[in-house]
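**Student:** Here is my input, please return the structure:
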Amino acid sequence: MNIQVEKTALVLIDLQNGILSRNCAPYTAEEIIERAKALVEAFAEKGGFVVLVRVSSLDGKDMLQPITDAPATQAMAFPEGWDQIVPELAAAIPGTYTLTKRQWGAFHGTDLDAQLRRRGIDTIVLGGVSTGIGVDMTAREAFQLGYNQFFAEDVMGAADKEMHDYVRANIFPRIGRVRSSADIISYL
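**Tutor:** Have a look, this model is predicted:
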């Protein structure tokens, strides 16, 4: 299997200080960062487009605020630097595109789709945290927009193993191809 790098983007979701400081399962934050860095370096070496997505808020009022049964995360106090991409990735490769989102998915309300289409990209390799929230929502948006997808399963984590495993086993195979980061690198 081959991935055409010129038609593929690596999109990494919420690999930032405040998100990776929480519990990650089934892989640790360190494992996710190490594998993500290897993917970024492999894409950059081949001239691929890399997108580092972060979630941030100016004051909480710019984020979605529907009425829900679960408490809203924007009510939390965020420490200084929580929304910064982890240093291992922020400094890894110059020229990566950093995108700020204000909701779970990376497509809604951002220019991600325009950035990809203008570059002739029809396939994304997706990873990040949390598997069942930001990564899943972005994957569903990408599916509805017609993108082909590879899911770097070992470059993802969730609050618990059950959430990660459910999405990996029941959602991702229906909308793309689930592979290890090592397999994806070998396809480039």
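**Student:** For the lengthiest helix in the chain, which helices and strands make contact with it?
**Tutor:** If each helix of the chain is counted by residues according to DSSP state H, the longest one is helix 29-45. Under the contact criterion of 3 or more CB pairs under 8 Å, 6 or more residues apart in numbering; DSSP states H and E, the helices and strands touching helix 29-45 comprise strand 8-13, helix 17-20, strand 49-55, helix 87-90, strand 123-129, strand 148-157, helix 181-187. C-beta here means a position set from N, CA and C on the backbone, and glycine is covered the same way.
**Student:** weakest of the ones you listed in terms of mean pLDDT?
**Tutor:** Least confident of these, judged by mean pLDDT, is helix 17-20 with a mean of 85.
**Student:** Could you check how far it is from the centre of its chain?
**Tutor:** Its chain's average C-alpha position is 13 Å from that of helix 17-20, according to CA atoms, centre = their mean, to the nearest Å.
**Student:** and what of stretch 132-147?
**Tutor:** Stretch 132-147 sits 10 Å away from the centroid of its parent chain (CA atoms, centre = their mean).
**Student:** Any regions of the chain where pLDDT drops low?
**Tutor:** Confidence mapping of the chain against pLDDT under 70 gives the ranges 59-66, 68, 71-79, 92.
**Student:** residues touching Lys7, list them.
**Tutor:** Taking CB atoms under 8 Å, 6 or more residues apart in numbering as the criterion, Lys7 is in contact with 120-123.
**Student:** Sweet, I'm off.
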